[in-house]
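[1] pasting the sequence and the predicted coordinates here, then a few questions.
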There are 4 protein chains.
Amino acid sequence: MPGNTIGQAFTLTTWGESHGTAIGGVLDGVPPGFPLDIKKIQQALDRRKPGGHHRLTSARQESDQIHILSGVYEGKTLGTPLSFLIYNTDQRSGDYDPFKNIYRPGHADYSYTMKYGHVDHRGGGRASARETAIRVAAGAIAHQILQLSFPTLQTTAAVIQLGTQKLSSTWLGHPYPENPLFCPDEKSTQSWTPYLQDIKNQGRSVGALIEVHVKNMPSGLGEPVYDKLDADLAKALMSINAVKGVEIGEGFGCVTSENGYDELSAETASKHLTNKAGGIVGGISTGQDIICRVALKPTSSTPQSRKTLTKDEIPVDVSITGRHDPCVGIRAVPIVEAMVSLVIMDHFLRWQGQCGSKFRK
Amino acid sequence: MPGNTIGQAFTLTTWGESHGTAIGGVLDGVPPGFPLDIKKIQQALDRRKPGGHHRLTSARQESDQIHILSGVYEGKTLGTPLSFLIYNTDQRSGDYDPFKNIYRPGHADYSYTMKYGHVDHRGGGRASARETAIRVAAGAIAHQILQLSFPTLQTTAAVIQLGTQKLSSTWLGHPYPENPLFCPDEKSTQSWTPYLQDIKNQGRSVGALIEVHVKNMPSGLGEPVYDKLDADLAKALMSINAVKGVEIGEGFGCVTSENGYDELSAETASKHLTNKAGGIVGGISTGQDIICRVALKPTSSTPQSRKTLTKDEIPVDVSITGRHDPCVGIRAVPIVEAMVSLVIMDHFLRWQGQCGSKFRK
Amino acid sequence: MPGNTIGQAFTLTTWGESHGTAIGGVLDGVPPGFPLDIKKIQQALDRRKPGGHHRLTSARQESDQIHILSGVYEGKTLGTPLSFLIYNTDQRSGDYDPFKNIYRPGHADYSYTMKYGHVDHRGGGRASARETAIRVAAGAIAHQILQLSFPTLQTTAAVIQLGTQKLSSTWLGHPYPENPLFCPDEKSTQSWTPYLQDIKNQGRSVGALIEVHVKNMPSGLGEPVYDKLDADLAKALMSINAVKGVEIGEGFGCVTSENGYDELSAETASKHLTNKAGGIVGGISTGQDIICRVALKPTSSTPQSRKTLTKDEIPVDVSITGRHDPCVGIRAVPIVEAMVSLVIMDHFLRWQGQCGSKFRK
Amino acid sequence: MPGNTIGQAFTLTTWGESHGTAIGGVLDGVPPGFPLDIKKIQQALDRRKPGGHHRLTSARQESDQIHILSGVYEGKTLGTPLSFLIYNTDQRSGDYDPFKNIYRPGHADYSYTMKYGHVDHRGGGRASARETAIRVAAGAIAHQILQLSFPTLQTTAAVIQLGTQKLSSTWLGHPYPENPLFCPDEKSTQSWTPYLQDIKNQGRSVGALIEVHVKNMPSGLGEPVYDKLDADLAKALMSINAVKGVEIGEGFGCVTSENGYDELSAETASKHLTNKAGGIVGGISTGQDIICRVALKPTSSTPQSRKTLTKDEIPVDVSITGRHDPCVGIRAVPIVEAMVSLVIMDHFLRWQGQCGSKFRK
């Protein structure tokens, strides 16, 4: 199976170059008879959208209006493929003409050329973060359907570190007021805002650390031994543009910690006293909160001059002006939530297939 | 597809509980006509084997003798499935009788029971690290075949941090003399040995940080957008028992770093001046070294007493005596190498299918 | 993997209900750098289109204009997903209102309701033959790309029996002049035309037998033991609406024949003296012509009155008037060709992945 | 995915050459907690076994003793991969030495060589019908588990035509007394026995027509549009050695029949008055009996002399003496039943995943 599909039982296949006609996706394996709230899907897309209230991120105006083309009839899912697309309306492909024959450092221009020979240089083509809009829409659909079976299930991500700036208090995974920085702590939002503005003014960029919590997670989801729930989360999260690291629970902290376990107890709802494991042991969910963190690198395109090569391997200097984020990581928050929802939905359907009620009588 | 298979074009399916008759694997998609050196596969298994010269790790004597049952004829691969198994000879299942009705903290006893209801409690059953012996054998086969096309390809992993102990010098990914700690630096080996002995004597355990380098990596491997090479590596590495984090290149360090790119230059063989990306941009290999790190949690089973529940949810205290490693992470080094080889082999065959020479004329 | 995708290395995922906004498909695994002739794709769609010169088939005017949304840049494939759609312009959904609460005999209304509960009754929804337009477009793309590597490869299907009417001479698989009946023999075309008109006038319908030949087929394609080339052809062809039987080479004739083999000889280009096997032995192509036949049932919807049930299981009589073919089988000819091209393309990429030139040095 | 795996949710991967150490299989996706009756699996294997009471088929004594290596603990399935093997004990590989450099007509020697270059010539290697023993064991497991949810489900196949000999009465799919010809009608058994003995004495071989009925089939199984239940059955059945044709319900008879539908009625348990469709409409089961037929070609290896080529393309005559069946089709009866059970089990798990009870509240 080529690489544009994720999931086994609930599959998302995406398509589209950032400056082509449109981008889109096909969800297959959608359970039938489910009332779909399209407004909520659009809201999820709007959260991810650059510009708008997120003035510190890219000024591009992507309309990101979802069009559902199949799989829904009279407001309910049919069980057939749910196809949807978003037109590319604010493309300004001309912006990319100067880079047609240049490998932009930090972008996929070089590696794509090594693989494909023929590439669409405009805005990264298929490698553009624009593709992630489709993930967000699909994740919003998965989340809606999951909530039918698990009404209290709640997936929330936030930026917990912006460059060198850490949160002023620990975030425990609860929902927080919307803000352009996806920062779960009001005090930090206030101090991060001028910090990021400075970065932007100086033509620099910074990375971000995002944490995601899944509360009221059902136990028993995940497949040994390769499709472990944490392995599939790692893949789904690492596949997001600019992500360079993924950790679960204690994560890299486990190297210097001791006692690689969480004690069990009948006195807590989750049956465990701590949650170093991040809610997954042996690749299967324990019913505790799932906790993951992902590291996103600084935006590659900044106005600073840098060395590179043309496609004929002539050395040149390049600086990338135009509409760009000082921190691409911020906008990844809704994408992280979406990928987590897609993975849980997929594993829930897989669990239901193999271990569902028909065999439990 | 259920979860015991990894790969799309070069697939490994594994089976076996740690205290059943045997464990084994089936490799499908193996290229035909390849002379297979079984001695090298056995050597890889011996590197992973507990006991022997690795006196600091588990004293279990797993014979780990590979038996190849199909797919090879007159010393050469047939292109048909390559099936192999290892008998479980040193099982001592009785060791696990006390835990039959107890959830061992840090082990998959609880999550497996939540999923399956009926489980094999002996030594973790399917969740045991014993399964990884099959990964090592499969990885050794993949590596041999890859070297036919890429004779200089070299995949080397090492422990670069053991609990609180860091390497005394930076390791650049080169092969190093074999030693029980898979430590690439002789001075560190000497200081780590008494450190780990102390941990063991005190009934404690520590985590480990493993780094892996792939040198002379071909460019152009990896599939956008979900089966990115780094996404597949993240999944493969996170699927290893006790792994809690995976990072590529700068990894989590990217959050506080600046300039999310590597400049290009015609003056280096790799066409790049730095390698913050860890050899993968946009999910596709650049031809630079691939560099990943994985964090492994401390051994869960130690003689220390801990709280837990019986399967009837009665609180009990448990302490796990017997043959156990103070640091399970050490033995993961050959497993990390194996998983990397499997992922590269899979992506090489996928590349060859879609982009191979027939279409390049 | 849900059921709307076919292929492993070259995958087609289709979506769309017959009376929704549009129908479409996503091709993944397309080799990069290939000049795509969109006119040829449109021609293939026009051949399948009802109405037009095919006056004996359905009078519906489906415009079937293909829109390519991604995967092509400056006229050449990118190697990224090739997404395309066809808008549903001549829907007349109101025609189906009378059947909203009725199971139309011979249609999937009943079985879909058993599975999904909630269904789109308009024109069969997802079960409509309209979906096959996407197959035809995808097959035309596969065929174009295959011809780059195999310029003489030729896939031709024809109707060799229409109801009780057989061909007046044996067809050997060569291309033939276009005609509304996809009949490879002019004499038969002349006698079949009034025969079919009579069937139509009487409100009856008949089945059809289609044969397909692949000439200049490469040897060595197909995977033992489940993804045999003939097994994948059987699946692909049986998945076409109204197909009730598939046979290869001698097919069902082999039951009463003797000598289940074809002798080999150095004197023929194909190395064989006969071709009872239909070009596939042990699931792998021999390099001889591939020959398959498929049986298509008579159109289910005719003006004749028949017994059925409402969705509340009340017995009613129903007769389906409106725009319908006396023989749905005829229009399946380009679909059969398309499915064969898709299967060969998929197996060619799989062959190239596992057995391609990199491993043959 | 390479070609040695069948199924999506309930997967069987098989391995093994006919004259290697063993043949085996891995079943993944097995529901947990199911009491497995190994005696019934062995009985299914014994039905397929050549020799024994089937004196008219091959005199080979294959012991076919199943060994289960994983996935079962204390008599119940664990939900983990169920691995099993059968040793090759009666190999007499020397019998095949004369054919080492010869392409045996009707066997896969030529096509395998075209694909793989390097092949195991002994007894057909991977292309041998010996692989089907594993299918039979896996099918017997699937059938046992299906009966837990569907106690009255019954899958029965029979030979309904042996060469030119048809059944003396119509068989309606009911179980019948065991006999060496898998003939459901006692009178035909008596007349077919001397007929087949004559064929054998004359060194000839004949084909067979097998029909399979699934009674008390659940409705709603099957996936539009490519993984239709009939498409998956066609693939599974066409993948059986020597099968050249598959048809469902009326099958090829539909070409000359009229009225491509079955009327519905509340008065029958199946809600239909007839069953031309063979229990599947739009790729989804209706709840009526599933009825398929498969055509198997005559045994390729007979003592008659025939023309062929050596691997150096030198013309030679070859005649294959030794232990061979006059009709390989007969032994395929339990294999057909097994493949049908595997397909139904796979689609049941897929149905349960997408449409199971959790989403029906």
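    Perfect, thanks for sending it.
[2] residues in contact with the closest residue to A:S301 other than its chain neighbours?
    Once flanking residues are discounted, A:S301 sits nearest to A:I320: 4.0 Å by CB to CB, 6 or more residues apart in numbering or on different chains. From N, CA and C alone the C-beta is placed, and that goes for glycine too. Listed by CB atoms under 8 Å, 6 or more residues apart in numbering or on different chains, the contact partners of A:I320 are A:F99, A:R104, A:S301, A:T302, A:P303.
[3] any idea how far whichever residue of chain A sits closest to chain D is from A:A231?
    Distances between chain A and chain D by CB to the nearest CB are smallest at A:G353, namely 3.0 Å. Distance, A:G353 to A:A231, using CB to CB, to the nearest Å: 19 Å.
[4] show me which of those two is the more surrounded one.
    Higher neighbour count among A:G353 and A:A231: A:A231, with 29 against 26, using other CB atoms under 10 Å in any protein chain shown.
[5] next, the contact list for A:A142, please.
    Residues near A:A142 by CB under 8 Å, 6+ apart: A:F10, A:A338, A:S341, A:L342, A:I344, A:M345.
[6] how about A:P303?
    Here A:P303 is in contact with A:G203, A:S319, A:I320, A:T321 (CB under 8 Å, 6+ apart).
[7] could the residues you listed be laid out in JSON lines, adding pLDDT and secondary structure?
    Shown next, in JSON lines, are the contacts of A:P303 (pLDDT from 0 to 100; DSSP: H, G, I helix; E, B strand; the rest coil):
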{"residue": "A:G203", "pLDDT": "91", "secondary structure": "coil"}
{"residue": "A:S319", "pLDDT": "88", "secondary structure": "coil"}
{"residue": "A:I320", "pLDDT": "81", "secondary structure": "coil"}
{"residue": "A:T321", "pLDDT": "74", "secondary structure": "coil"}
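[8] looking at the residues you listed, which two lie furthest apart in space?
    Of all pairs drawn from the contacts of A:P303, the greatest distance, 9.9 Å, lies between A:G203 and A:I320 (CB to CB).
[9] which neighbours do these two share?
    With CB under 8 Å, 6+ apart as the test, A:G203 and A:I320 both reach A:T302, A:P303.
[10] so A:H67 touches A:L85, yeah?
    Yes - using CB atoms under 8 Å, A:H67 is in contact with A:L85, at 5.4 Å.
[11] what about these two, which has more around it?
    Neighbours were counted for A:H67 and for A:L85 using other CB under 10 Å; A:L85 has more, 26 against 14.
[12] the more buried one: what's it in contact with?
    The contact partners of A:L85, by CB under 8 Å, 6+ apart, come to A:G16, A:A22, A:I23, A:G24, A:G25, A:I66, A:H67, A:L69, C:L69.
[13] show the pLDDT at the fifth one.
    Pointing back at A:G25 there. On pLDDT, A:G25 comes in at 98.
[14] right, is the helix or strand where it lies up against chain C?
    In this assignment (DSSP states H and E), A:G25 forms part of strand A:22-28. Yes - using CB under 8 Å from any CB of the partner chain, we find that strand A:22-28 touches chain C at A:A22, A:I23, A:G24, A:V26, A:D28.
[15] show me where pLDDT drops low in chain A?
    A:1, A:50-62, A:90-93, A:323-324, A:358-361 (pLDDT under 70).
[16] who in it is up against chain D?
    So far as CB under 8 Å from any CB goes, chain A lies against chain D at A:1, A:8-9, A:29-34, A:79-80, A:145, A:148-149, A:224, A:349-350, A:352-360.
[17] so which of those are in helices?
    A:I145, A:L148, A:S149, A:L349, A:R350, A:Q352, A:G353, A:Q354, A:C355 (DSSP state H).
[18] pull the most distant pair out of the residues you listed.
    A:L148 and A:Q354 (20.1 Å).
[19] tell me which of the two has more neighbours.
    The residue with more neighbours, out of A:L148 and A:Q354, is A:Q354; 25 against 15, by other CB under 10 Å.
[20] and that one, what does it touch?
    A:Q354 makes contact with B:P2, D:A9, D:G29, D:V30, D:P31, D:P32, D:G79, D:L349, D:G353 under the criterion CB under 8 Å, 6+ apart.
[21] now list the buried members of those.
    B:P2, D:A9, D:G29, D:V30, D:P31, D:P32, D:G79, D:L349, D:G353 (16 or more other CB atoms under 10 Å in any protein chain shown).
[22] so which of those residues also contact chain A?
    Among those, chain A is touched by B:P2, D:A9, D:G29, D:V30, D:P31, D:P32, D:G79, D:L349, D:G353 when using CB under 8 Å from any CB.
[23] so which of those would you say is closest to A:R122?
    Among these, and counting by CB to CB, the member closest to A:R122 is D:G353, at 39.7 Å.
[24] how much space separates the closest one from D:S219?
    Applying CB to CB, the value for D:G353 to D:S219 is 17 Å.
[25] ok, now A:K271?
    Distance, A:K271 to D:S219, using CB to CB: 40 Å.
[26] next one: A:Y226
    Where D:S219 is concerned, A:Y226 sits at a distance of 34 Å (CB to CB).
[27] quick one: contacts for A:S205?
    Listed by CB under 8 Å, 6+ apart, the contact set of A:S205 reads A:199, A:298-300, A:302, A:324-328, B:258-260.
[28] the residues you listed in strands, which ones?
    Counting by DSSP state E, none of the members of the contacts of A:S205 fall within strands.
[29] mind giving me a markdown table with those and columns for neighbour count and distance to chain C?
    Below are the contacts of A:S205 laid out as a markdown table (neighbours: other CB atoms under 10 Å in any protein chain shown; distance: CB to the nearest CB, whole Å):
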| residue | neighbour count | distance to chain C |
| --- | --- | --- |
| A:I199 | 21 | 33 |
| A:P298 | 29 | 26 |
| A:T299 | 27 | 23 |
| A:S300 | 24 | 20 |
| A:T302 | 25 | 27 |
| A:H324 | 20 | 23 |
| A:D325 | 23 | 24 |
| A:P326 | 26 | 29 |
| A:C327 | 28 | 27 |
| A:V328 | 25 | 21 |
| B:E258 | 16 | 31 |
| B:N259 | 20 | 28 |
| B:G260 | 27 | 23 |
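[30] now, which of those lie within helices?
    In helices, judged by DSSP H, the following of the contacts of A:S205 are found: A:I199.
[31] show me where the stretch 1-150 of chain A has strands.
    All strands of the stretch 1-150 of chain A, identified by DSSP state E, counting those that start in this stretch, fall at A:5-6, A:11-15, A:22-28, A:67-68, A:72-73, A:76-77, A:82-87.
[32] the third one pairs with which strands?
    Strand A:22-28 has its sheet partners listed here by DSSP bridges as strand A:11-15 (antiparallel), strand A:82-87 (antiparallel).
[33] ok, A:S319 to A:S301 distance?
    With CB to CB as the criterion, A:S319 and A:S301 are 9 Å apart.
[34] more crowded one of the two?
    Applying other CB under 10 Å to A:S319 and A:S301 shows that A:S301 carries more neighbours, namely 24 against 11.
[35] show me what contacts that one?
    Contacts of A:S301 by CB under 8 Å, 6+ apart are A:R104, A:G106, A:H107, A:I320, A:G322, A:H324.
[36] which pair of the residues you listed spans the longest distance?
    It's A:G106 and A:G322 that sit farthest apart of those, by CB to CB, at 14.8 Å.
[37] more neighbours: these two, which one.
    Comparing A:G106 with A:G322 by other CB under 10 Å, the one with more neighbours is A:G106, at 28 against 13.
[38] surely that one is in contact with B:L264?
    No - contact criterion CB under 8 Å: A:G106 and B:L264 do not qualify, at 10.0 Å.
[39] isn't A:T132 right up against A:I335?
    Yes - using CB under 8 Å, A:T132 makes contact with A:I335 at a distance of 4.7 Å.
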